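> predicted model follows, preceded by the sequence.
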Amino acid sequence: MSDVFRRQSGEFRVGDRVQLTGPKGRLNTVTLEPGGAFHTHRGVLSHDTIIGLPDASVVTCSNGIEYLAMRPLLTDFVMSMPRGAAIIYPKDAAQIIGQADVFPGAHVVEAGVGSGALSLWLLRAIGPSGRLSSFERREEFSEIAQSNVEAFLGAKPDNWSVTVGDLQEQLPASVKPGTVDRVVLDMLAPWECIEECATALTPGGVLLCYIATVTQLSRVAEAIRATGLFTEPDSNETIVRGWHVEGLAVRPDHRMVAHTGFLMTARRLAPGSVLPELKRRASKTDFSDEDVEIWTPGALGERSASAKRLRKTAREAKAAAEAASSDR
């Protein structure tokens, strides 16, 4: 990234977001301002006390209570930022970066952009020499995502573009055929744009789909196979279980982040190549269009936030972005 972006290390500066952890483990996030203050029902903590201190310092409130002041990690930021659409959780974002093999300098296509969580992970992975082309159908989601990215980085990256519109129509008009290294789809019906993604991908490029339900998983897999343009799709999910470790009290946590979504990957074949037929065990692989529609009925269960909530979220994200960029 350019040096105009806010560094995520070093001494606390004006405009930095700081995560304050109290004695009971409760987290509060503030944006540092000259003369500003963090108020609790028991005391006040001046922002000037924090500005200039190294990251991970302990500061004392006016009532003598100590707080641990730390700059939020990207994981912390995406879990607490304003949301227009549901975010991709860090556990899945990490797997997406790894399974899609997103590398510095890569040209990555992302659809849809949602609230911008995955965009931040992808921008970090491709580095300043890469390019991220994001597509989003809804203007309000696009605005929220761009504000969230700017709030975290302090400015909008020059190597990131956000196009509002349908991927099937916008992708062919935005990128040249065979020039995209990776395509990451997080959308309701990814099977509708598999061929457009195949055209955009370079031979050997990776298509990765983030899929919410088993019904969608089946339909995407068959759509990829039907094109004859990809390797056999591979599917998995990631489940993370934390552990409580304190002395001899070692046990799994009572709560865990289990299923959030499926990841499906496939690689683009070279033009004219035909994938060798795989030997499979007998299963129900024969189906008709009617079978598919029964398996994935027209009502796909999309849950949309209300217009009022989206307007409020957009205002919050824009305010955070303006605070970060004005104090650079």
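Alright, I've got the coordinates.
> now the helices for the chain?
47-50, 74-80, 90-99, 117-126, 139-153, 167-174, 194-200, 214-227, 289-295, 307-326 (DSSP state H).
> could you dump those into TSV and include mean pLDDT, mean neighbour count and distance to residue 62?
For every residue, glycine as well, the C-beta is placed using N, CA and C. Below are those laid out as TSV (pLDDT from 0 to 100; neighbours: other C-beta atoms under 10 Å; distance: least, C-beta to C-beta, whole Å):
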stretch	mean pLDDT	mean neighbour count	distance to residue 62
helix 47-50	96	18	10
helix 74-80	92	17	25
helix 90-99	97	19	35
helix 117-126	97	24	35
helix 139-153	94	24	29
helix 167-174	96	16	53
helix 194-200	98	21	57
helix 214-227	95	18	53
helix 289-295	62	11	62
helix 307-326	78	16	24
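> closest one to residue 258 among the ones you listed?
Among these, helix 90-99 comes nearest to residue 258, with 10.2 Å by C-beta to C-beta.
> got the contact list for that closest one?
74-75, 78-79, 88, 102, 117-118, 121-122, 125, 184, 206, 208, 210, 238, 240, 257, 260-261, 263, 265 (C-beta atoms under 8 Å, 6 or more residues apart in numbering).
> returning to what we had before: reformat the helices of the chain as CSV; add distance to residue 64.
Below are those laid out as CSV (distance: least, C-beta to C-beta, whole Å):
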stretch, distance to residue 64
helix 47-50, 13
helix 74-80, 26
helix 90-99, 35
helix 117-126, 37
helix 139-153, 32
helix 167-174, 56
helix 194-200, 58
helix 214-227, 54
helix 289-295, 62
helix 307-326, 29
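> out of the ones you listed, which gets nearest to residue 106?
Of the helices of the chain, nearest to residue 106 by C-beta to C-beta is helix 117-126, at 5.1 Å.
> how far off helix 90-99 does the closest one point, in degrees?
Per axes from the mean of the first three to the mean of the last three C-alpha atoms, to 10 degrees, the angle that helix 117-126 makes with helix 90-99 is 40 degrees.
> tell me the contacts of the nearest residue to residue 149 once chain neighbours are set aside?
Spatial nearest neighbour of residue 149, excluding adjacent residues (C-beta to C-beta, 6 or more residues apart in numbering): residue 116 at 4.9 Å. Residue 116 makes contact with 81, 144-149, according to C-beta under 8 Å, 6+ apart.
> repeat that for residue 52.
11-12.
> thought residue 19 was touching residue 76?
Yes. With contact defined as C-beta atoms under 8 Å, residue 19 reaches residue 76; the gap is 6.1 Å.
> so which of the helices of the chain comes closest to residue 7?
Closest among the helices of the chain, using C-beta to C-beta: helix 139-153, at 10.2 Å.
> next, the angle helix 117-126 makes with the closest one.
50 degrees.
> just use 35 as the starting number from now, easier for me
Will do, 35 is the new start, and the previous item becomes helix 173-187.
> who touches both of residue 53 and residue 110?
residue 63.
> nearest to the spatial middle of the chain, which residue is it?
residue 152 (1.7 Å; C-alpha atoms, centre = their mean).
> distance of residue 238 from residue 141?
13 Å (C-beta to C-beta, to the nearest Å).
> give me the more crowded residue out of the two.
residue 141 (20 against 11; other C-beta atoms under 10 Å).
> mind checking how far that one is from residue 194?
12 Å.
> between these two, which contacts overlap?
residue 165.
> how does the chain divide up, domain by domain?
51-106, 110-309+317-329 (automatic domain parsing).
> alpha carbons of stretch 218-238, as PDB, please.
The C-alpha coordinates for stretch 218-238 follow below in PDB (Å, rounded to 0.1, in the frame of the first residue of the first chain):
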ATOM      1  CA  VAL A 218     -13.800 -14.900  -5.300                       C
ATOM      2  CA  LEU A 219     -17.600 -15.100  -5.400                       C
ATOM      3  CA  ASP A 220     -19.800 -14.400  -2.300                       C
ATOM      4  CA  MET A 221     -23.200 -14.000  -3.800                       C
ATOM      5  CA  LEU A 222     -26.700 -15.600  -3.800                       C
ATOM      6  CA  ALA A 223     -26.500 -17.400  -7.100                       C
ATOM      7  CA  PRO A 224     -22.900 -17.900  -8.200                       C
ATOM      8  CA  TRP A 225     -23.900 -20.500 -10.800                       C
ATOM      9  CA  GLU A 226     -25.300 -17.800 -13.000                       C
ATOM     10  CA  CYS A 227     -21.900 -16.300 -13.800                       C
ATOM     11  CA  ILE A 228     -19.500 -19.200 -14.000                       C
ATOM     12  CA  GLU A 229     -18.900 -18.900 -17.700                       C
ATOM     13  CA  GLU A 230     -18.100 -15.100 -17.400                       C
ATOM     14  CA  CYS A 231     -15.700 -15.900 -14.700                       C
ATOM     15  CA  ALA A 232     -14.100 -18.600 -16.800                       C
ATOM     16  CA  THR A 233     -13.600 -16.100 -19.600                       C
ATOM     17  CA  ALA A 234     -11.900 -13.600 -17.300                       C
ATOM     18  CA  LEU A 235      -9.600 -16.100 -15.700                       C
ATOM     19  CA  THR A 236      -6.100 -17.000 -16.900                       C
ATOM     20  CA  PRO A 237      -5.400 -20.700 -17.500                       C
ATOM     21  CA  GLY A 238      -4.600 -22.200 -14.100                       C
END
